[in-house]
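Asker: this one's sequence-less:
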């Protein structure tokens, strides 16, 4: 994906893709990323040593990633993005893009909902139906990291003096 | 649109693919399509197999070649297995290079008159009136892909999903294919209702469409298609690498697990109802054809191989890589055909083998086609066209090189486009242009140097070079559009172009970070400063023993 789009989107595309993969996690299929978040939260929780501290560490980790994603997206628009010319280089095709797991997951989730909207009048309920899977993916990491951090704090609590 | 041999080539190739139902219908109704074709001929095509080699040479001596086979596919596909229950069609398509652009050039752009401003029946006004280049679609979609497409009809969704999983598993274990899912769609009454809000009665209970990306290399896909074919025919004389090493090539397999099921389905869709329709008539003439049928084909479009001194072309030796010591035989028990389409400027002086007396070969001077019924010729050394020397222009090649081959963001490469007259005659008014990279990437590249060059006469053995430097700001793979060459020979203007080249700018971690820092300045500096300040505060707190450290329960 980076190889195809980076010439148009710039050097911030790679970290953006990394953070998007990090922050949009399908809990039903992307066990690797769940493990990454859980591992990070657990270690952070052990370092914090208290449940309150673990909660803050987990939340701040997630928020930091979110801020960095926002910065990367901003910098893509600020520094590089050019519309009007897009060429898939030889050796690849749009098929390569569509088969990226994250893109594929979004298509699988959203396509039936988009088709369903065609028969309804547009209302907030249908929009929520469309956004629900994305919201689940979005909030999965923060829940996982906080829970794992609290578990880490419980496993290795800090002593009070 | 003026039809020429290029279009005839494509039309006949498509005709071959469509020949099954039409020929079977003709057979059933007792019609005779040609004086030498009896009523068993068409059944033999399917039951015993048929193969064909189509070749076309253009005015510059560049070949287009298609090898196709029709008939019962290899048992390895297991098309009779229960896992194909409900599957009416399975297709494997693999393309490489600029094949789709060429095909569109042949049948698309001119046919619909998109590129010339619309002087014919179809206007380009709907695309903004300024001329629409269909090739731009492939710029966006890309042209290199391998797909597996399966269609199931009138089976439950769970059955279709289970069978498709079994087919994928079989193709993985039997042919080493790996897949990545692209589309898994069921079209039924509920789906239509969700789209339209109306209850529509469909002539089927449901259609399951599966599309998978084949993640194997292009060579594997081509070899798998060729492996499905009957190995007894032309395929045994063909060097498969001709299909994988050409600048534009492709292969495809269309398998129908049960023709009877497909015919029944078409009848159910209404094809057999109204006998006043041509399609209904053809369907009514269909025999009771059962069992699997497959069409497999591979083809390529090559570079110029014929030049000023050329006076003959060996179809299998020159175009299909046959070793000079081996012989060519047709498919065992089936029908084999070789067809060669000649350019207008070629004066044919003979062809071999030749046996028009027995109606085994045929040359039509008007349509410029040579046919061989290869079934009649055993242990043939080759199928050869002889023609007058001087037919084709000198072999002038154009190539583009990069130095270095790859770079990092912020780095540069020197691009050299070389035009080389390898022939024995001079060519005139040579002009070369390679100026699209800045247009395609207006922000991410900077170009210095000459991107055009020309010379009045390019003598034999001489070269014309242009060199320019491209600086890349961002990582990624950059597509260099084909460099264009034109030259005159014998008062005729010829043109050539290079391939579309991909140039890789790799993500050197340190260089990329430096480039990102300066791209994002001052925001990156603010962020870095904030992190550094936090670190300094923490270190200071730790030094004063007011933070960090502590003890943990063990």
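Answerer: Thanks, I have it. Given the structure is predicted, the values throughout are model-derived calculations rather than measurements. Numbers count the residues shown, from 1 in each chain, chains lettered A, B, ... in the order given.

Asker: which SSE is immediately downstream of the helix or strand of chain A with the lowest mean pLDDT?
Answerer: When each helix and strand of chain A is scored by mean pLDDT, DSSP states H and E, helix A:101-117 comes last, with a mean of 63. Remark: after helix A:101-117, the chain's next helix or strand is helix A:124-155, criterion DSSP states H and E.

Asker: that following helix vs chain B: in contact?
Answerer: No. Using Cβ under 8 Å from any Cβ of the partner chain, helix A:124-155 never reaches chain B; the gap is at least 9.9 Å. Any C-beta I mention is one placed from the backbone N, CA and C, and that applies to glycine too.

Asker: who touches the helix or strand where residue B:219 lies?
Answerer: For residue B:219, the host element (DSSP H and E) is helix B:218-228. Residues from elsewhere that reach helix B:218-228, judged by Cβ atoms under 8 Å, 6 or more residues apart in numbering or on different chains: B:73-74, B:76-77, B:92, B:94, B:96, B:144, B:146, B:175-177, B:214, B:216, B:235, B:240, B:243-244, B:249, B:251-253, B:255, B:294, B:296-298.

Asker: list the beta-bridge partners for the closest residue to chain A within the stretch 201-350 of chain B.
Answerer: Going by Cβ to the nearest Cβ, chain A is nearest to residue B:213 of the stretch 201-350 of chain B, at 4.5 Å. Counting by DSSP bridges, residue B:213 is bridged to residue B:147, residue B:180.

Asker: run a quick neighbour tally on it.
Answerer: 21 (other Cβ atoms under 10 Å in any protein chain shown).

Asker: please apply the same query to residue B:361.
Answerer: By the measure other Cβ under 10 Å, the count of residues near residue B:361 is 21.

Asker: so who does it touch?
Answerer: Contacts for residue B:361 were tallied using Cβ under 8 Å, 6+ apart; they are B:351, B:353-355, B:370-373.

Asker: please name the nearest non-neighbouring residue to residue B:341.
Answerer: Residue nearest to residue B:341 in three dimensions, not counting chain neighbours: residue B:56, with 4.0 Å by Cβ to Cβ, 6 or more residues apart in numbering or on different chains.

Asker: can you list the strands that the helix or strand where the one you found lies pairs with?
Answerer: Applying DSSP H and E as the criterion places residue B:56 in strand B:50-57. Taking DSSP bridges as the criterion, strand B:50-57 sits next to strand B:63-71 (antiparallel), strand B:335-341 (parallel) in its sheet.

Asker: which residue is nearest the centroid of chain A?
Answerer: residue A:23 (2.0 Å; Cα atoms, centre = their mean).

Asker: pLDDT score assigned to it?
Answerer: Reading off the confidence values, residue A:23 has pLDDT 86.

Asker: tell me the spacing between it and chain B.
Answerer: Distance of residue A:23 to chain B, computed by Cβ to the nearest Cβ, to the nearest Å: 18 Å.

Asker: buried residues in the longest helix anywhere in chain B, which are they?
Answerer: Ranked by residue count and defined by DSSP state H, the top helix of chain B is helix B:523-543. Neighbour-count burial for helix B:523-543, counted by 16 or more other Cβ atoms under 10 Å in any protein chain shown, picks out residue B:524.

Asker: for it, what does the pLDDT average out to?
Answerer: For helix B:523-543, the mean pLDDT works out to 77.

Asker: just checking, what packs against that helix?
Answerer: Of the remaining helices and strands, those touching helix B:523-543 by 3 or more Cβ pairs under 8 Å, 6 or more residues apart in numbering or on different chains; DSSP states H and E are helix A:51-79, helix B:509-520.

Asker: please report the distance of the closest residue to chain A within the stretch 251-400 of chain B from residue B:386.
Answerer: Using Cβ to the nearest Cβ, the single residue of the stretch 251-400 of chain B nearest to chain A is residue B:400, 12.5 Å away. Computed as Cβ to Cβ, to the nearest Å, the residue B:400 to residue B:386 distance reads 35 Å.

Asker: which one's more surrounded, the two?
Answerer: residue B:400 (19 against 13).

Asker: domains in chain B, by residue range?
Answerer: In terms of domains, chain B is parsed into B:143-223, B:396-505, B:521-554 (source: automatic domain parsing).

Asker: worst average pLDDT in those?
Answerer: domain B:521-554 (a mean of 71).

Asker: hang on, residue B:294 is in a helix, isn't it?
Answerer: No. Residue B:294 is assigned strand when assessed by DSSP: H, G, I helix; E, B strand; the rest coil, not a helix.

Asker: next, give phi and psi for residue B:155.
Answerer: When read as degrees, to the nearest 10, the backbone of residue B:155 gives phi -130, psi 160.

Asker: these two touch, right, it and residue B:88?
Answerer: No. Taking contacts as Cβ atoms under 8 Å, residue B:155 lies outside contact range of residue B:88: 10.2 Å.

Asker: in stretch B:342-352, what's buried?
Answerer: Within stretch B:342-352, the residues scored as buried using 16+ other Cβ under 10 Å are B:342-343, B:345-346, B:348, B:351-352.

Asker: next: stretch A:58-66.
Answerer: Counting neighbours by 16+ other Cβ under 10 Å, stretch A:58-66 gives A:58, A:61-62, A:65-66 as buried.

Asker: for stretch A:148-161, same thing?
Answerer: Applying 16+ other Cβ under 10 Å to stretch A:148-161 flags A:148-153, A:156-158 as buried.

Asker: contact partners of it?
Answerer: Contacts to stretch A:148-161, defined as Cβ under 8 Å, 6+ apart, come from residues A:37-51, A:53-55, A:57-58, B:550-553.

Asker: just the ones of the residues you listed in helices?
Answerer: Judged by DSSP H, the contacts of stretch A:148-161 include A:37-48, A:51, A:53-55, A:57-58 as members of helices.

Asker: could you list which of those residues also contact chain B?
Answerer: residue A:46.

Asker: of the ones in helices among the contacts of stretch A:148-161, select the buried ones using a ChimeraX command.
Answerer: Buried residues among the ones in helices among the contacts of stretch A:148-161 (16+ other Cβ under 10 Å), as a ChimeraX selection:
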select /A:37,38,40,41,42,44,45,46,47,48,51,53,54,55,57,58
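
Asker: what's the neighbour count on residue 94?
Answerer: No chain specified, so I'll use chain A. Number of residues near residue A:94 (other Cβ under 10 Å) recorded here: 16.

Asker: right idea, wrong chain: chain B
Answerer: Residues lying near residue B:94 (other Cβ under 10 Å) number 28.

Asker: I'd guessed it sits against residue B:146; true?
Answerer: Yes. Counting by Cβ under 8 Å, residue B:94 touches residue B:146, with 4.0 Å between them.

Asker: pull up the overlap in contacts between those two.
Answerer: Common contacts of residue B:94 and residue B:146 (Cβ under 8 Å, 6+ apart): B:214, B:218, B:221.

Asker: using CSV, please lay out those together with neighbour count.
Answerer: Supplementary listing: those in CSV, determined by neighbours: other Cβ atoms under 10 Å in any protein chain shown:
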residue, neighbour count
B:214, 23
B:218, 21
B:221, 29
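
Asker: could you work out the most separated pair of the buried residues of stretch B:342-352?
Answerer: Across the buried residues of stretch B:342-352, the two members that end up farthest from each other (Cβ to Cβ) are B:345 and B:352, 21.5 Å apart.
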